[in-house]
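Undergrad: Pasting the sequence and the predicted model now:
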Amino acid sequence: MNTTNLARFLGWFSIGLGAMEILGGRTLARRLGMTGRTGLFRAYGVREVANGVAILANPTSAPLLWARVGGDALDIATLAGTPSYGPAERRNAKIALAAVLGVTFLDILCAVRLKEEGEQPPRGLPRYWS
């Protein structure tokens, strides 16, 4: 998979995750043992959607991928710093933390590769779009 395709995948992933956080913020907060944090999850969802749209608009921009890494750091801090009260909630929080760490690795990999390649106009687009 080339770097631009990985960036596009991460952009769509960000939009999907953000939509889930916006629409299912209450359920997500409850399942992670963070009842009362629905607004936080919805705000994180807005951040994800905005970042995903920006990445899709310019999939060769390393700073946009670094912005995703920054968002991942917020997610990690939230998941690691908030106590989960029951065994099911603790398990869910650990699974969510592992998933965020995995996607953070992809975000960093993509950002580093984009930085190495330098910002170039996306390939395959008509000239008037670049």
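TA: Looks like it came in fine.
Undergrad: Which strands and helices lie in contact with whichever helix in the chain runs longest?
TA: When the chain is parsed with DSSP state H, its longest helix is helix 87-117. Here helix 87-117 touches helix 3-23, helix 25-31, helix 62-81, going by 3 or more CB pairs under 8 Å, 6 or more residues apart in numbering; DSSP states H and E. Where C-beta positions appear, they are placed from N, C-alpha and C, glycine not excepted.
Undergrad: Turn those helices into JSON lines, including distance to residue 91 and mean pLDDT.
TA: Shown next, in JSON lines, are these (distance: least, CB to CB, whole Å; pLDDT from 0 to 100):
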{"stretch": "helix 3-23", "distance to residue 91": "19", "mean pLDDT": "95"}
{"stretch": "helix 25-31", "distance to residue 91": "10", "mean pLDDT": "92"}
{"stretch": "helix 62-81", "distance to residue 91": "12", "mean pLDDT": "93"}
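Undergrad: quick one, which of those helices is nearest to residue 44?
TA: Closest to residue 44 of those, according to CB to CB: helix 3-23, at 5.5 Å.
Undergrad: Many thanks, have a good one.
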